[in-house]
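> I would like the atomic coordinates for the input below:
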Amino acid sequence: MSESHSSDIQPTVPLLALRHATVVRGGRTVLHDLSFEIREGEHTAILGPNGCGKSSLIRLVNKQDYPLHREDGESSIQVLGRDRWDLFELRSQLGIVSADLHQAFLSATGGGRRHGREVVLSGAFASQGIFVHQKVTPAMVERADWALALVGASHLAGKRIEEMSTGEARRILIARALAPDPRALLLDEPTTGLDLAARFHFLKMLQDVAGHGKTLLLVTHHLEEILPQIQRVILLKEGRVFLDGTKKEVLTTPNLSELYGEPVLLRERDGLYDAHCGVTGDA
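I've put the predicted structure just below:
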């Protein structure tokens, strides 16, 4: 299936560019002066303990939150070279998967009556369901069925989302993110709710996606989810960039022990990592 993207988006610009971005929510600063760039094709993991600002960063990128105004008038955040976006267009360019999105489908009016294929098709419109003014084309249906098959969820096409397990619904949301043929996937703790086998197959699927032109931005606190294809890791702590560099530079026992404030034993095998807190020793 051919790919088509907006002509005003140039492939040479960064996927994401933050320049001194600060976000305040509920009177509390949740992101402090973040500055970094992520280019297309640069698969990146953002890692840190709970409350470090990972999900706040996703909300910033997805225009759910906005940074404080800079005194110099420059934009604090650009996505694909632009600081102004139609939200529906942005959310078709960046396929986002999160537990919050699952809850939004269940909370939306009529959300519980939506079936798997309809949820996946809604990704083409960045909406929570298909509405009467939205025209579903045969190409959209073909792409939705392809995405369902890719994540092993074809059998869920006719199942209502409120009847699905968390793992089943997460697979549907992953298919929804892929169906519009986005430039990148922003994955916010994407394996939450998946059992051991489903998690294994999901991570294997992500490796295939990474090899077919989709930039992965993986937000997680599980080191074992950092795929071999991911070569850059950004560590967040208390809303700030703690470390940013290659996977080999950043993922070390001293760095992770300082990040989490506990002794950490890090192990690596065949490009995959795992870690255990409260123990010491060499990997």
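
> quick one, what contacts residue 80?
Taking CB atoms under 8 Å, 6 or more residues apart in numbering, we find residue 80 in contact with 9, 13, 14, 15, 93, 183. To be clear about C-beta, it is placed using only N, CA and C from the backbone, and glycine gets the same treatment.

> Excluding sequence neighbours, find me the nearest residue to the last one.
Using CB to CB, 6 or more residues apart in numbering and skipping residues adjacent in sequence, the residue nearest residue 183 is residue 93, 5.0 Å away.

> rewinding a little: identify the farthest-apart pair in the contacts of residue 80.
Pairwise distances across the contacts of residue 80 (CB to CB) peak at 13.5 Å, for the pair 14 and 93.

> Tell me which of those two has more neighbours.
Remark: of residue 14 and residue 93, residue 93 carries more neighbours, 20 against 16, as counted by other CB atoms under 10 Å.

> just the helices in the stretch 101-250 of the chain please.
Under the criterion DSSP state H, counting those that start in this stretch, the stretch 101-250 of the chain carries helices at the ranges 116-121, 138-150, 166-178, 196-210, 247-250.

> and the ones you listed, which one's lowest on average pLDDT?
Out of the helices of the stretch 101-250 of the chain, helix 196-210 stands lowest, with a mean of 79 (criterion: mean pLDDT).

> now it, how far from the centre of its chain.
Helix 196-210 sits 14 Å away from the centroid of its parent chain (CA atoms, centre = their mean, to the nearest Å).

> helices or strands up against it?
helix 166-178, strand 215-220 (3 or more CB pairs under 8 Å, 6 or more residues apart in numbering; DSSP states H and E).

> Of all the residues in that helix, which ones are buried?
With burial defined by 16 or more other CB atoms under 10 Å, the residues of helix 196-210 counted as buried are 198, 199, 202, 203, 205, 206, 209, 210.

> Grab the CA positions of that helix and hand them over as PDB.
In PDB, the C-alpha atoms belonging to helix 196-210 read as follows (Å, rounded to 0.1, in the frame of the first residue of the first chain):
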ATOM      1  CA  LEU A 196       3.400 -12.400  28.800                       C
ATOM      2  CA  ALA A 197       2.600 -14.000  25.500                       C
ATOM      3  CA  ALA A 198       0.800 -10.900  24.100                       C
ATOM      4  CA  ARG A 199       3.600  -8.700  25.200                       C
ATOM      5  CA  PHE A 200       6.200 -10.800  23.500                       C
ATOM      6  CA  HIS A 201       4.300 -10.800  20.200                       C
ATOM      7  CA  PHE A 202       3.600  -7.000  20.500                       C
ATOM      8  CA  LEU A 203       7.300  -6.200  20.900                       C
ATOM      9  CA  LYS A 204       8.100  -8.500  18.000                       C
ATOM     10  CA  MET A 205       5.600  -6.600  15.900                       C
ATOM     11  CA  LEU A 206       7.200  -3.300  16.900                       C
ATOM     12  CA  GLN A 207      10.500  -4.600  15.600                       C
ATOM     13  CA  ASP A 208       8.900  -5.200  12.200                       C
ATOM     14  CA  VAL A 209       7.200  -1.700  12.300                       C
ATOM     15  CA  ALA A 210      10.600  -0.100  13.100                       C
END
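
> Noted, bye for now.
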